[in-house]
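*Asks:* all I have is the shape, not the residue letters:
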């Protein structure tokens, strides 16, 4: 029976004239071109001997393949007897069989249907909204506690956060503020020029920038720059169990990680906004002189006549609210990180998207409410 | 004690290896050979360069000087495509598991298979299930994410991934660190069983004295920037070198030896 088995390179299985045999390398490489011509010659039912003496090498993948061949034959109604397998190969086959039996079969969890998915998503989002409110509450309570015990405040963390969030952001804020001023003056100036209303460029630039664009642009830059870094930092600390370590030492993560960031940003963002105000008005002045022949002198003479302190303060006054949104969302999303690297990335994205969305929503709300109480100018 | 056995049937041959980080020299003129079918442990004090040696052998770190041969092929200055083919022939279990956190255990195990073979998705899933079973995990563990696993299960899942391509050579970095004694013992048994049935060659970095006694054929002792002792455990504990004596003669070393003598 053994004599008529030809040698083979890759895993081969044949069932011919009632005799079945395997040959070749039953290894990961060998089974890539697995060669089974049993379908052409359906095996006879009843007792069947499978000669394994032609198998030159076998690894666990090959053993799995051999087991599945036997299972196929048995499903076709055969009683398979495996013979002439080398001792080492038999031992490996037994190991694989035993391990597979010990592991049991995996239960594949059924995919939830659409309605269930929708329900779960709604529940998840609702719970998250509640959790965010709880987080804001906890932060406020900690802040109140700190007002009562100011000596417990982390001043060092505050100043270092103010440096990274505020001072280090000056160049980018300056550049973008200046460019926004240039763009607004250019676009508006073209229209004003056709009516000969050149001097109104002052109103256009000053009011647009001071009341709306400078606070908004600054907040968006800070959300992308600082909010994301808050999430990534706290999220990574969450992954490496540093947050838990803080808790066991008896330091509230809220006190060390959130409050200094929150306070730092509430102080830094209005200052950055004033800076953006100045730079964007300067950008507008440069453009006014180049395009509309409105000199710096004329521009600055008219400026205090059209810009009331209220306009300036309303713009800057929005900044602390934006700052609180950015810091709270950034920190909250950091604490939402679970598991590993992918979660940090996901929460950072969510953090930036949410904080920019909420900043713009809050800005719209300001416009409506302030308009409602008659503070247009 | 033969420091340089003849590389007749050697899987790994390291000659005159030098590695350094900046001004710090980790290895100097290091020789190391691993014979086919053996379980070799790398031991030595902290900072003696065990993991660095392992990383140099598995092509993660370029040594400053010397030669390393894997399966008879020189790996210093190896081409990218030759390195790719070579990587298929060994598996590595990292100390912290290094499972990809966004993938389930089954997808983690399937990844090397998808990368290196042309098998169908269904076939790959079956093979991945087998490897998960071989590593001693229940089948349900395949659906889980790494963060949902305990430390011991994480090690086993990482072992399953290291075994994915049925490698002839397996590297383990502190396989039993952080495991309870029962799990650690079971892990040792598993490694010995895999070696015997699959003919694996295993190189591991370990501090676990029980593992050294129960699971190894040879132990290489790293110290003074080279291998200062290379022998079966029984022999190595009688070595005269002061560093080796200090390592094994502590109360823990003696306790592990007595226990192992009783077991025999």
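*Replies:* Looks like it came in fine. Since the model is a prediction, treat every value here as computed from it, not as a measurement. Numbers count the residues shown, from 1 in each chain, chains lettered A, B, ... in the order given.

*Asks:* name the nearest residue to whichever residue of the stretch 1-150 of chain B sits closest to chain A, ignoring sequence neighbours.
*Replies:* When distances are taken as CB to the nearest CB, the stretch 1-150 of chain B reaches nearest to chain A at residue B:101, 2.8 Å away. For the C-beta atoms, the positions are set from N, CA and C on the backbone; glycine is no exception. Nearest residue to residue B:101 in three dimensions, chain neighbours excluded: residue A:340, at 2.8 Å (CB to CB, 6 or more residues apart in numbering or on different chains).

*Asks:* likewise for residue A:21?
*Replies:* Excluding the flanking residues, the one nearest residue A:21 by CB to CB, 6+ apart is residue A:51, at 4.0 Å.

*Asks:* please report phi then psi for that neighbour.
*Replies:* Dihedral pair for residue A:51: phi -90, psi 120, per degrees, to the nearest 10.

*Asks:* my read: it touches residue A:83, true?
*Replies:* Yes. Assessed by CB atoms under 8 Å, residue A:51 is found in contact with residue A:83 at 5.9 Å.

*Asks:* these two - which one has more neighbours?
*Replies:* Neighbours were counted for residue A:51 and for residue A:83 using other CB atoms under 10 Å in any protein chain shown; residue A:51 has more, 21 against 12.

*Asks:* contact partners for residue B:18?
*Replies:* Taking CB atoms under 8 Å, 6 or more residues apart in numbering or on different chains, we find residue B:18 in contact with B:25, B:27, B:28, B:29, B:30, B:63, B:64, B:65, B:66.

*Asks:* tally of neighbours for the residue of the stretch 1-150 of chain B closest to chain A?
*Replies:* Neighbours of residue B:101 (other CB under 10 Å): 18.

*Asks:* give me the phi and psi angles of it.
*Replies:* In terms of degrees, to the nearest 10, the main-chain angles of residue B:101 are phi -70, psi -20.

*Asks:* for it, report the pLDDT, please.
*Replies:* Looking at residue B:101, its pLDDT is 81.

*Asks:* residue B:100 - nearest residue in space that isn't next to it in sequence?
*Replies:* Excluding its sequence neighbours, the residue lying closest to residue B:100 (CB to CB, 6+ apart) is residue B:108, at 5.6 Å.

*Asks:* correct me if wrong: the residue nearest to residue B:101 contacts residue B:97.
*Replies:* No. Using CB under 8 Å, residue A:340 is not in contact with residue B:97, being 10.7 Å away.

*Asks:* what's the overlap in contacts for the two?
*Replies:* residue B:146.

*Asks:* strands of the chain, residue ranges please.
*Replies:* Using chain A. Listed in chain order, the strands of chain A (DSSP state E) span residues A:12-16, A:19-26, A:35-36, A:46-58, A:78-83.

*Asks:* not what I meant, chain B
*Replies:* According to DSSP E, the strands that chain B contains are B:10-21, B:24-35, B:39-43, B:65-70, B:73-74, B:90-93, B:169-173, B:201-205, B:218-223, B:226-231.

*Asks:* ok, the last one: who's next to it in the sheet?
*Replies:* By that I understand strand B:226-231. Counting by DSSP bridges, the strands paired with strand B:226-231 are strand B:218-223 (antiparallel).

*Asks:* identify all contacting residues around the strand it pairs with.
*Replies:* Outside strand B:218-223, the residues touching it (CB under 8 Å, 6+ apart) are B:32, B:34-35, B:38-45, B:48-50, B:53, B:212, B:227-233, B:236, B:239, B:241, B:243-244, B:247.

*Asks:* please repeat the previous calculation with a cut-off of 6 Å.
*Replies:* Strand B:218-223 has contacts (CB atoms under 6 Å, 6 or more residues apart in numbering or on different chains) with B:38, B:40-44, B:48-50, B:212, B:227-230, B:232-233, B:236, B:243-244.

*Asks:* count of neighbours near the residue nearest to residue B:101?
*Replies:* Using other CB under 10 Å, residue A:340 has 17 other residues around it.

*Asks:* cool, residue B:252 as well?
*Replies:* 12.

*Asks:* same check, this time on residue A:122
*Replies:* If you count neighbours by other CB under 10 Å, residue A:122 ends up with 10.

*Asks:* and the gap between it and chain B?
*Replies:* 23 Å (CB to the nearest CB, to the nearest Å).

*Asks:* what pLDDT does that residue get?
*Replies:* 94.

*Asks:* got any ranges where the chain has weak pLDDT?
*Replies:* Picked chain A for this. The model of chain A has pLDDT under 70 over residues A:1-8, A:17-18, A:35-45, A:375-377.

*Asks:* actually, chain B is the one I wanted.
*Replies:* Residues of chain B meeting the criterion pLDDT under 70: B:1-8, B:261-264.

*Asks:* same thing but 50
*Replies:* Low-confidence segments of chain B (pLDDT under 50): B:1-6.

*Asks:* quick one, helices of the stretch 51-200 of chain B?
*Replies:* Per DSSP state H, counting those that start in this stretch, the stretch 51-200 of chain B carries helices over the ranges B:80-87, B:105-116, B:121-134, B:151-162, B:181-198.

*Asks:* need the residues that contact the fourth one.
*Replies:* When contacts are taken as CB under 6 Å, 6+ apart, the neighbours of helix B:151-162 outside the stretch itself are B:91-93, B:97, B:99, B:105, B:108-109, B:131-132, B:135-137, B:178-179, B:183.

*Asks:* which non-adjacent residue is nearest residue 178?
*Replies:* The chain I'm using is chain A. Distance criterion CB to CB, 6+ apart; nearest residue to residue A:178, sequence neighbours excluded, is residue A:283 at 4.1 Å.

*Asks:* that answer is for a different chain, and I need it for chain B
*Replies:* Per CB to CB, 6+ apart, closest to residue B:178 is residue B:151, 5.2 Å.

*Asks:* then residue B:139?
*Replies:* Nearest residue to residue B:139, sequence neighbours excluded (CB to CB, 6+ apart): residue A:106, at 3.9 Å.

*Asks:* show me the contacts for that neighbour.
*Replies:* Taking CB under 6 Å, 6+ apart as the test, what residue A:106 contacts is B:139, B:140, B:142.

*Asks:* cutoff 10 Å now
*Replies:* B:106, B:125, B:129, B:132, B:133, B:138, B:139, B:140, B:141, B:142, B:143 (CB atoms under 10 Å, 6 or more residues apart in numbering or on different chains).

*Asks:* same question for residue B:55.
*Replies:* Counting by CB under 10 Å, 6+ apart, the residues that residue B:55 touches are B:19, B:49, B:61, B:62, B:63, B:92, B:171, B:173.

*Asks:* can we see that at 7 Å?
*Replies:* Residue B:55 sits next to residue B:61 when contact means CB atoms under 7 Å, 6 or more residues apart in numbering or on different chains.

*Asks:* whatever residue of the stretch 151-300 of chain A ends up closest to chain B - how many residues pack around it?
*Replies:* Relative to chain B, the nearest point of the stretch 151-300 of chain A is residue A:239 (8.7 Å; CB to the nearest CB). Counted with other CB under 10 Å, residues neighbouring residue A:239 total 18.

*Asks:* how about it: what's its closest non-neighbour residue?
*Replies:* residue A:340 (5.9 Å).
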